[in-house]
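Asks: Okay, predicted coordinates and the sequence, questions at the end:
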Amino acid sequence: MLTLGNALSAVGRIPESYSAFARAFDALLLAPHPLFEALATLGYANTAHLAGDNVEAVRAAAKGRTLMEARNMGVGITYAKFVDDLIARVKAALGEEQFQAAWLAGRETALEVFAARARAQLVVD
């Protein structure tokens, strides 16, 4: 689901991306996996950024990075650059003070909260 969420955000299908990430988070809550939790929050961060929610993007990026650092998990060079670029963009958009506040909050945010926030973005007809 997290791969689908990333693919959908890459082609601008943001509501469907949120839906995929909501399902990914729900699955991870049932069957936790540190690597996939980190990757899901980082992908969700990109979707939030593309949707214009830079505060949520920072919180999710912080959680993803924290999960990866806590377990000494590395990512490929290309993906690391993608995440670094995302963080640089949201930091520039928010400014240092707002970025730092969101980053600190995100590090402590539970996966359940990201799942609820992704579900909250779903459009109901």
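Replies: Received the coordinates, thanks.

Asks: From what I see, residue 107 and residue 64 are in contact.
Replies: No: taking contacts as C-beta atoms under 8 Å, residue 107 lies outside contact range of residue 64: 10.0 Å. Backbone N, C-alpha and C define where each C-beta goes, glycine included.

Asks: For residue 13, give me phi and psi.
Replies: Main-chain dihedrals, residue 13, degrees, to the nearest 10: phi -100, psi 70.

Asks: Correction: the previous question concerned residue 33.
Replies: Residue torsions, per degrees, to the nearest 10, at residue 33 are phi -150, psi 110.

Asks: so how far is residue 13 from it?
Replies: Distance of residue 33 to residue 13, computed by C-beta to C-beta, to the nearest Å: 25 Å.

Asks: what about these two, which has more around it?
Replies: Counted by other C-beta atoms under 10 Å, residue 33 and residue 13 do not tie: residue 13 has more neighbours, with 15 against 11.

Asks: dump the residue contacts of residue 44.
Replies: Each residue near residue 44 by C-beta atoms under 8 Å, 6 or more residues apart in numbering is listed here: 5, 21, 25, 60, 114, 118.

Asks: Tell me which helix or strand it sits in.
Replies: helix 34-50 (DSSP states H and E).

Asks: tell me the mean pLDDT over that helix?
Replies: Mean pLDDT, helix 34-50: 94.

Asks: Would you mind getting the angle between the helix or strand just after it and helix 34-50?
Replies: Of the helices and strands lying after helix 34-50 in sequence (DSSP H and E), the nearest is helix 54-70. Angle of helix 54-70 versus helix 34-50, following axes from the mean of the first three to the mean of the last three C-alpha atoms, to 10 degrees, is 160 degrees.
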